[in-house]
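Participant: Need a 3D model of the following:
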Amino acid sequence: MPLHASTRRFATLGLTAAAARASRSLQHPRRAQERVLRLILEGLQDTEVGGRVNLVGIDSVAAFRDRVPVSTRDEIRFDLQRTVAGAPDVLVPGRAVGGRATMSGPPRGAVIPVTPRCLGQG
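Facilitator: Numbers count the residues shown, from 1 in each chain. This next block holds a predicted model:
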């Protein structure tokens, strides 16, 4: 299979397998996004929040939309504070090692939990 033009640089760096995966993802973006959603949901199903919304068995974007409510920052503030403070398995699997503020406008930005995996350590 020929590599997509935007993935040729991976191949020149000796990352042929990564280039092939990226090329397939670009050719079939919906399939790639659904695969990533399934991986994320598998990791989150054993968290407190995942248990509350019952993430087990969600196997499509439609099922995700039907079962997982949209939450505001204020609605998850307590869970977010606990997660960033190091409580394990609340919003993210395992223990977050801190939080990173986003660049959203005033009066306050959102805080995103940072996990070892985010830092390339897990």
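
Participant: What segments of the protein are strands?
Facilitator: Applying DSSP state E to the chain gives strands spanning 98-101, 111-114.

Participant: pull the CA atoms of the last one into CSV?
Facilitator: Extracted C-alpha coordinates of strand 111-114, given in CSV (Å, rounded to 0.1, in the frame of the first residue of the first chain):
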residue,chain,number,x,y,z
VAL,A,111,-7.8,22.1,34.1
ILE,A,112,-6.9,18.9,32.3
PRO,A,113,-5.6,16.0,34.4
VAL,A,114,-2.0,15.0,33.5
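
Participant: Show me what it is packed up against.
Facilitator: Packed against strand 111-114 by the contact rule (3 or more CB pairs under 8 Å, 6 or more residues apart in numbering; DSSP states H and E) you find helix 77-84, strand 98-101. Using the backbone N, CA and C atoms, a C-beta is placed for each residue, glycine as well.

Participant: Rebuild those as TSV, extending it with mean pLDDT.
Facilitator: TSV is the format used below for the helices and strands packed on strand 111-114 (pLDDT from 0 to 100):
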stretch	mean pLDDT
helix 77-84	88
strand 98-101	73
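
Participant: re the thing from before, compare the strands of the chain and give me the one nearest Ile58.
Facilitator: strand 111-114 (21.0 Å; CB to CB).

Participant: quick one: contacts of that closest one?
Facilitator: 80, 83-84, 91-92, 96-102 (CB atoms under 8 Å, 6 or more residues apart in numbering).

Participant: Which neighbours in the sheet does that strand have, and how are they oriented?
Facilitator: Sheet pairing for strand 111-114, assigned by DSSP bridges, gives strand 98-101 (antiparallel).

Participant: and among the strands of the chain, the most buried is which?
Facilitator: Neighbour counts (mean count of other CB atoms under 10 Å) averaged over each of those peak at strand 111-114, with a mean of 18.

Participant: average pLDDT for it?
Facilitator: On average, the pLDDT along strand 111-114 is 76.

Participant: roughly how far is it from the heart of the chain?
Facilitator: 12 Å (CA atoms, centre = their mean, to the nearest Å).

Participant: again, but for stretch 82-100
Facilitator: With CA atoms, centre = their mean, you get 14 Å for stretch 82-100.
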